[in-house]
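A.B. asks: here is the input, now give the coordinates:
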Amino acid sequence: LLEALDGVSVLGIRSKTTVTERVLAAHPHLLAVGAYCIGTNQIDLRAAAHRGIAVFNAPFSNTRSVVELAIAEIIALSRRLTVRDDLMHQGVWKKSAVGSHEVRGLTLGIIGYGNIGTQLSVVAEALGMRVIFYDTAEKLALGNARRMSSLEDLLGQADVVTLHVDGRPGNAGMFGAEQFAAMRPGAIFLNLSRGFLVDYDTLREKVLDGSVAGAAVDVFPEEPKRNGDPFESPLRGLPNVILTPHVGGSTLEAQENIGHFVSAKLNRYLTAATTDLSVNLPPLTLQPAEAARYRVAYVHRNTPGVLALVNQTFAEHGANIEGQILGTRGETGYVVTDISSELPAEAIAAMQGMADTVRLRVIPHA
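C.D. replies: Here you go, the predicted structure:
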């Protein structure tokens with residue numbers, strides 16, 4: 001990656017490419033990174049912000065694909081379709097209703113009520129499921145979904161438990177022996193979220209002793225780097241367990257949506273300095289002023305008095321401000337300014353020399 005980025009201003013990656021501080025430091029001319037996926041934990045976001053490099057992802061574009069896979073797996077596990085399919089392929093005809101259930105009337109427990117969790121809630125309710133959810137943040141319940149006061153309350157009531165939390169380090173190992181023990185006997189478990197959230201050795205034990213009636217897993221702590229590489233998991237070979245190779249969001253529709261969404265965000269950043277939905281810079285959108293001739297995008301360290309110093313610099317060099325917006329996020333500040341007059345080179349040089357300057361770009365208005 002270090003070699004591939006020579007001369008590159010904009011980097012597009014998928015979930016397997018890791019962008020470290022070392023990579024960013026070696027390429028000071030890099031302007032932006034587009035993560036053509038949902039997660040951004042493979043990128044050092046803090047290091048990128050410190051260098052004024054905007055990072056964008058696609059938090060919504062494959063949501064429907066993940067939801068549809070979850071619904072399909074809930075139905076398949078409730079009807080034990082994997083077991084019946086396996087027997088049929090072995091030439092065994094075994095017609096029985098034992099262990100098969102309709103999903104209508106079952107209680108779905110959603111852990112993590114974000115973009116995917118909320119849409120799953122709506123679709124599951126349309127199928128006649130009762131929906132409960134738990135999230136550490138305050139979330140508005142959609143439809144008839146009911147918020148649980150604790151994870152334990154949810155696990156004690158849910159017939160199906162599904163994880164949809166983010167990949168922050170604090171969530172690692174959040175679902176282990178204690179949580180599996182708190183689940184209702186015979187419940188179904190799904191993880192289409194992050195592989196490092198779950199103790200899969202314990203899940204194996206629970207499936208084998210019948211405590212968990214079925215499971216679907218799409219993500220794993222260690223995943224093969226490329227197609228065809230060996231895959232190992234304690235969940236292989238278990239009855240009524242669906243294993244998929246991290247394809248929750250991998251549909252042709254989702255990939256097309258992701259491509260359009262992230263590329264559009266990168267284009268808006270490059271041409272208009274817009275950081276709406278950036279995951280590491282303050283989200284700003286400045287509507288263009290008709291009289292504006294230049295747009296100045298200024299990333300700086302978030303310290304008191306920077307905006308006043310910027311405006312003083314413009315005034316001292318005769319640059320007229322037509323429009324301006326400021327935002328901050330943690331240690332980083334971002335100012336976008338439209339200039340309706342000439343923009344003297346001396347003004348830009350003065351801003352470049354400010355102690356708190358991180359990155360400065362001048363974009364001529366079309």
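
A.B. asks: what segments of the stretch 101-250 of the chain are strands?
C.D. replies: Taking DSSP state E, counting those that start in this stretch as the test, the strands found in the stretch 101-250 of the chain are 107-111, 130-134, 146-147, 160-163, 187-191, 212-217, 241-243.

A.B. asks: do you know how far Ala49 is from Leu360?
C.D. replies: 15 Å (CB to CB, to the nearest Å). Placement of C-beta: from N, CA and C, glycine included.

A.B. asks: more crowded one of the two?
C.D. replies: Higher neighbour count among Ala49 and Leu360: Ala49, with 23 against 18, using other CB atoms under 10 Å.

A.B. asks: show the average pLDDT along the host helix or strand of that one.
C.D. replies: Take DSSP states H and E as the rule and Ala49 turns out to sit in helix 45-50. If you average the pLDDT over helix 45-50, you get 97.

A.B. asks: any idea how far it is from the chain center?
C.D. replies: The chain centre lies 17 Å from the centre of helix 45-50; the measure is CA atoms, centre = their mean, to the nearest Å.

A.B. asks: after that helix comes which helix or strand?
C.D. replies: Next in sequence after helix 45-50, counting helices and strands by DSSP H and E, comes strand 54-56.

A.B. asks: what's that next one packed up against?
C.D. replies: Using 3 or more CB pairs under 8 Å, 6 or more residues apart in numbering; DSSP states H and E, the elements in contact with strand 54-56 are strand 32-35, helix 45-50, helix 252-272.

A.B. asks: list the contacts of it.
C.D. replies: Contacts to strand 54-56, defined as CB atoms under 8 Å, 6 or more residues apart in numbering, come from residues 31-35, 40, 43, 45, 48, 262, 265-266, 269, 275, 277-281.

A.B. asks: swap the cut-off to 7 Å and go again
C.D. replies: 32-35, 40, 43, 45, 48, 262, 265-266, 269, 275, 277-281 (CB atoms under 7 Å, 6 or more residues apart in numbering).

A.B. asks: next one: stretch 279-288
C.D. replies: So stretch 279-288 is contacted by 40, 45, 48-49, 54-57, 274-277, 299, 323, 325, 327-329, 332-334, 336, 338, 365 (CB under 7 Å, 6+ apart).

A.B. asks: now do the contacts for Ile116.
C.D. replies: By CB under 7 Å, 6+ apart, the residues touching Ile116 are 63, 66-67, 164.

A.B. asks: count the residues that sit near Glu178.
C.D. replies: Look at Glu178: counted by other CB under 10 Å, it has 12 neighbours.

A.B. asks: picking that back up, of the contacts of Ile116, which is the most crowded?
C.D. replies: His164 (28 neighbours).

A.B. asks: pLDDT weak spots in the protein?
C.D. replies: Within the chain, the stretches falling below the threshold (pLDDT under 70) are 366.

A.B. asks: repeat that with 90
C.D. replies: By pLDDT under 90, the low-scoring segments of the chain are 15-16, 38-39, 41, 59-60, 166-170, 225-226, 288-290, 365-366.

A.B. asks: ok, which stretches of it are helices?
C.D. replies: Remark: helices assigned in the chain by DSSP state H are 21-25, 45-50, 63-78, 81-89, 115-126, 151-157, 177-182, 200-208, 252-272, 306-316, 345-352.

A.B. asks: which of the contacts of strand 54-56 are buried?
C.D. replies: By neighbour count, with 16 or more other CB atoms under 10 Å, those hold 32-35, 40, 43, 45, 48, 262, 265-266, 269, 275, 277-281 as buried.

A.B. asks: run a quick neighbour tally on His317.
C.D. replies: His317 has 18 neighbours, counted by other CB under 10 Å.

A.B. asks: any idea how far Val358 is from it?
C.D. replies: 21 Å.

A.B. asks: that older thread, could the helices of the chain go into a markdown table alongside distance to Leu11?
C.D. replies: Putting those into a markdown table (distance: least, CB to CB, whole Å) gives the following:
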| stretch | distance to Leu11 |
| --- | --- |
| helix 21-25 | 9 |
| helix 45-50 | 10 |
| helix 63-78 | 24 |
| helix 81-89 | 40 |
| helix 115-126 | 24 |
| helix 151-157 | 38 |
| helix 177-182 | 38 |
| helix 200-208 | 33 |
| helix 252-272 | 10 |
| helix 306-316 | 28 |
| helix 345-352 | 24 |
